[in-house]
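1. what follows is a predicted structure for the sequence shown.
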Amino acid sequence: MTKLTGAQIIWESLLREGVQVVFGYPGGAIISTYDALPDYPIRHILTRHEQGAAHAADGYARASGKVGVAMATSGPGSTNLTTGIATAMIDSSPVVFITGQVSTTAIGTDAFQETDTTGITLPITKHNYLVTDVKDLAHTIHEAFYIAGSGRPGPVLIDVPKDVQNGTTEFNYPVGPVQLPGYHPRNQQLAHDLQTAIELIDGAERPLILAGQGVIKSGAGAELLAFAERTGTPVTVTMLGMGGFPAQHPLFLGMMGMHGEACANQAIQQADLLLAFGMRFDDRVTGDIDTYALGAKKVHIDLDPAELNKVIPVDVAIAGDLKSVLGQIIPRVAPREHKPWLAQIDAIRQDSKERDILTHDLKNVLVGQYVVRKLWEVTGGEAVVVTDVGQHQMWAVQYYKYNKPHSLISSGGMGTMGFGLPAGVGTKVARPEDEVWVIAGDGGFQMTMPELGTVAQERLNLKIAIINNGYLGMVRQWQEMFYDRRYSATPILSPDFTKIAEAYGIKAFVVKNPEDVVPTIEAARQHEGPVLIDFRVEKEENVFPMVPAGAKLDEMLRREKA
Amino acid sequence: MGKSRVLVVLVENKPGVLNRVASLFRRRGYNIESLTVGHTETTELSRMTIVVNVAKTSADQVEQNLYKLVNVLKVDDVTENAAVTRDLALVKVQVAPETRSDIMQIVNIFRAKVVDIAPDSMIVEVTGSEAKVDSMVELLRPIGILELVRTGLVAMERGVGSLGRVNQSGNNGHRSVPV
Ligand SMILES: Cc1ncc(C[n+]2csc(CCOP(=O)(O)OP(=O)(O)O)c2C)c(N)n1
């Protein structure tokens, strides 16, 4: 049998894992692997920074449901990945990272571009490996893909020293399921827990479903819909749960939490039963936990047992795959309607409509909310929206309607500014047939703006909307509300984004008036290729409702009625 | 304020596993009182005894988070089980002619051993439950402790059951670990 080099084994193994695209950036400690790349039918996308490669692979994973792959060299290459690794970790996104490392003989000597990559990434990966023998390479890659994609998904990093890439061995790719003595991603619910949950559901008068990203990860959308309709239970979602339940369904209340819908937050506080499906009670969705949903019994279903009773003590905790657990529960619960409860919620919803900025007179002012709403209308809700982090992100969640899973890609747990554009790259690569819009703020966009070079080089038909308010808007909002309007370090100068885009050969527009929004979005859609639109919006607009950090969930700051 | 809980953890004997466990405790803010690690009856496995100061609910959290580590095979909270727990201490005490017999008396009462004698000092070895070691140390303290080292707790459940044997199939009592 012919022997292969470690470098060849990496690509052979990736092919066997079904990998078609790798996002990365070469360097001395990974050069041998890059040298072998041209012999393999794998598309490599050169980003402009390793952080971009990490977010792109993450975006690819979120948009496709497959495992994404990013590659970088040792030292600064691997440290540049870390923001992207942490972002993928906290949002349970399956990405395999492959990093070069100095030779095994040099490890520990402070060699050129040596850094302790496995040490640094230990707390921000689901698992990681340092491969010290080329014979271990193939099975390690096989394990890494299995661990990344199974159970509660997450990033796995493989650090490969240069001499391991150059070493040779026979290549036998393991077939069949991976056997790991300490890793058993299966689920096990106890019959009596299911029974108690069913009794609580049947006995509830004011039940509410809190749906998280687990719905999407588990592919439980159909079960969630069936359960909600059968039991007449309204549904509110976390940001990452957006798309797990059709947004235009009458039982849908929108997002919960800090910038959630008032009716959703009020309903949480008034409910007598909370059904938490695949979510983890992040502080951005609970507000003050000591006063959280005190009147409600709580049932929590999550794949990860460590999430159960972590933040909010619950009455029934079920560790299991949501799709299968809901599948068992649905036939056993009684059909219900809950008309008074829904009417109670609807009254709050009506009040919110009157407070909505879009009911105000907006003839001469351009606001981000309006831009997003028009984008939704013009795209018929069919686009995949990839956001950055800040006010525009919240507007993208509040004013676009997500009816399908994987249609909103956003950094939730980490709130990573700079995520939007590179994640948009990954999303467009994963779903070339779909219309993909990046919505970013002028601040976060500048963090990873060089990825416009990647967009141009790969000729990606990506549309970019910058909600340009001249401030680090979300921080400015906090300063306005809680720091006496001292705008310390939040005014931000931007270049002429259209000139930047044009320098890359990317078509660009500026929009300053509401009446230009729709025609410009339409023009962008007409153009076969990347487009950037710089929307110059109101500088001091705020996101409402807002639950101040640490406040009770139903103590929301609201916009005045028009 | 929680109380001390004793966890026995079976892990794969691979480089970096101790680091993973320690990192988890540090990151989640679980306060380790002692941690011992050593070989087991199987070469591929190591065994840790971790004493952690937490409430019962967080002890479950600690357990579930340990299970999320790919190299952790089995976690047993033996705090409330019938288990043999042992701590070992070496205590170097200052010796003067007038204290020598007091020291020997304490050594005898605690069934400790004198393992080194020098003109002005001796090293006493004591094994037993943490409480036993604590009380001996307290009695020696007024006499003059020059140096003290304790191994930290090791624990083993009484009876025929064995932590190592049950886990390989992933069935016998091994909690499901969907990580
Ligand atoms: C990497 C990073 N640094 C800092 C922050 C803190 N932060 C959160 S939102 C925000 C302001 C974002 O401003 P911009 O990108 O202009 O978007 P806007 O809020 O104006 O829509 C900042 C600085 C962050 N989330 N991520």
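-> On my side now, so go ahead.
2. hey, let's count contacts and neighbours off CA atoms from now on
-> Will do.
3. got the domain boundaries for the chain?
-> You didn't pick a chain, so chain A it is. A:2-171, A:191-351, A:356-536 (automatic domain parsing).
4. if you could check chain B rather than the one you did, that'd help
-> Domain ranges of chain B: B:4-82, B:84-154, per automatic domain parsing.
5. and the longest one with chain A, contact?
-> Yes - shown here: domain B:4-82 in contact with chain A (Cα under 8 Å from any Cα of the partner chain) through B:11, B:20, B:23-24, B:27, B:57-58, B:61, B:64-65, B:67-74.
6. just the buried residues out of these, in ChimeraX syntax.
-> Command for ChimeraX that selects the buried part of the residues of domain B:4-82 next to chain A, burial taken from 16 or more other Cα atoms under 10 Å in any protein chain shown:
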select /B:11,20,24,61,64,65,67,68,69,70,71,72,73,74
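7. from the residues of domain B:4-82 next to chain A, which land in helices?
-> If you go by DSSP state H, the residues of domain B:4-82 next to chain A have B:20, B:23-24, B:27, B:57-58, B:61, B:64-65, B:67 in helices.
8. from those, which has minimum pLDDT?
-> Ranked by pLDDT, these bottom out at B:Thr57 (71).
9. would you mind measuring from B:Arg100 to chain A?
-> Using Cα to the nearest Cα, to the nearest Å, B:Arg100 is found at 50 Å from chain A.
10. that residue: neighbouring residues, count only.
-> 16 (other Cα atoms under 10 Å in any protein chain shown).
11. same question for B:Pro142.
-> Burial of B:Pro142 is recorded as 8 neighbouring residues (other Cα under 10 Å).
12. A strand includes it, no?
-> No - according to DSSP: H, G, I helix; E, B strand; the rest coil, B:Pro142 belongs to no strand; its state is helix.
13. bridging residues for B:Val114?
-> For B:Val114, the beta-bridge partners are B:Val124 (DSSP bridges).
14. quick one, what contacts it?
-> B:107, B:122-125 (Cα atoms under 8 Å, 6 or more residues apart in numbering or on different chains).
15. host element of A:Leu452?
-> helix A:452-457 (DSSP states H and E).
16. same for that helix, what does it pack against?
-> On a contact count with 3 or more Cα pairs under 8 Å, 6 or more residues apart in numbering or on different chains; DSSP states H and E, helix A:452-457 meets helix A:420-430.
17. show residues contacting the helix it packs on.
-> Contacts for helix A:420-430 (Cα under 8 Å, 6+ apart): A:52-53, A:55-64, A:386-389, A:409-410, A:434-440, A:444-445, A:448-449, A:451-452, A:454-455, A:460-462, A:464.
18. distance from the chain centre to that helix, please.
-> 12 Å (Cα atoms, centre = their mean, to the nearest Å).
19. point out the other helices and strands that whatever helix or strand comes next after that helix packs with.
-> Using DSSP H and E, the helix or strand that follows helix A:420-430 towards the C-terminus is strand A:436-441. When contacts are defined as 3+ Cα pairs under 8 Å, 6+ apart, strand A:436-441 sits against strand A:384-387, helix A:391-399, helix A:420-430, strand A:463-468.
20. one more time with 6 Å
-> Counting contacts by 3 or more Cα pairs under 6 Å, 6 or more residues apart in numbering or on different chains; DSSP states H and E, strand A:436-441 packs against strand A:384-387, strand A:463-468.
21. which intervals of chain A have sub-threshold pLDDT?
-> Counting by pLDDT under 70, chain A contains low-confidence ranges at A:186-189.
22. could you dump the biggest helix by length in it to PDB, C-alpha only?
-> For chain A, the helix that runs over the most residues, judged by DSSP H, is helix A:339-355. Taking C-alpha atoms only, helix A:339-355 is exported to PDB below (Å, rounded to 0.1, in the frame of the first residue of the first chain):
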ATOM      1  CA  LYS A 339     -58.900  31.600  24.300                       C
ATOM      2  CA  PRO A 340     -58.900  33.900  27.400                       C
ATOM      3  CA  TRP A 341     -55.100  33.600  27.700                       C
ATOM      4  CA  LEU A 342     -54.600  34.400  24.000                       C
ATOM      5  CA  ALA A 343     -56.900  37.300  24.300                       C
ATOM      6  CA  GLN A 344     -55.000  38.600  27.300                       C
ATOM      7  CA  ILE A 345     -51.800  38.400  25.200                       C
ATOM      8  CA  ASP A 346     -53.400  40.000  22.200                       C
ATOM      9  CA  ALA A 347     -54.400  43.100  24.200                       C
ATOM     10  CA  ILE A 348     -50.700  43.700  24.900                       C
ATOM     11  CA  ARG A 349     -49.900  43.000  21.200                       C
ATOM     12  CA  GLN A 350     -52.400  45.700  20.100                       C
ATOM     13  CA  ASP A 351     -50.800  48.200  22.500                       C
ATOM     14  CA  SER A 352     -47.400  47.400  21.100                       C
ATOM     15  CA  LYS A 353     -48.600  48.100  17.600                       C
ATOM     16  CA  GLU A 354     -49.500  51.600  18.600                       C
ATOM     17  CA  ARG A 355     -46.100  52.100  20.000                       C
END
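23. ok, then the element right after it?
-> In N-to-C order, the element after helix A:339-355 by DSSP H and E is helix A:368-379.
24. who touches A:Gly154 in this structure?
-> Going by Cα atoms under 6 Å, 6 or more residues apart in numbering or on different chains, A:Gly154 touches A:89, A:92-94, A:126, A:148.
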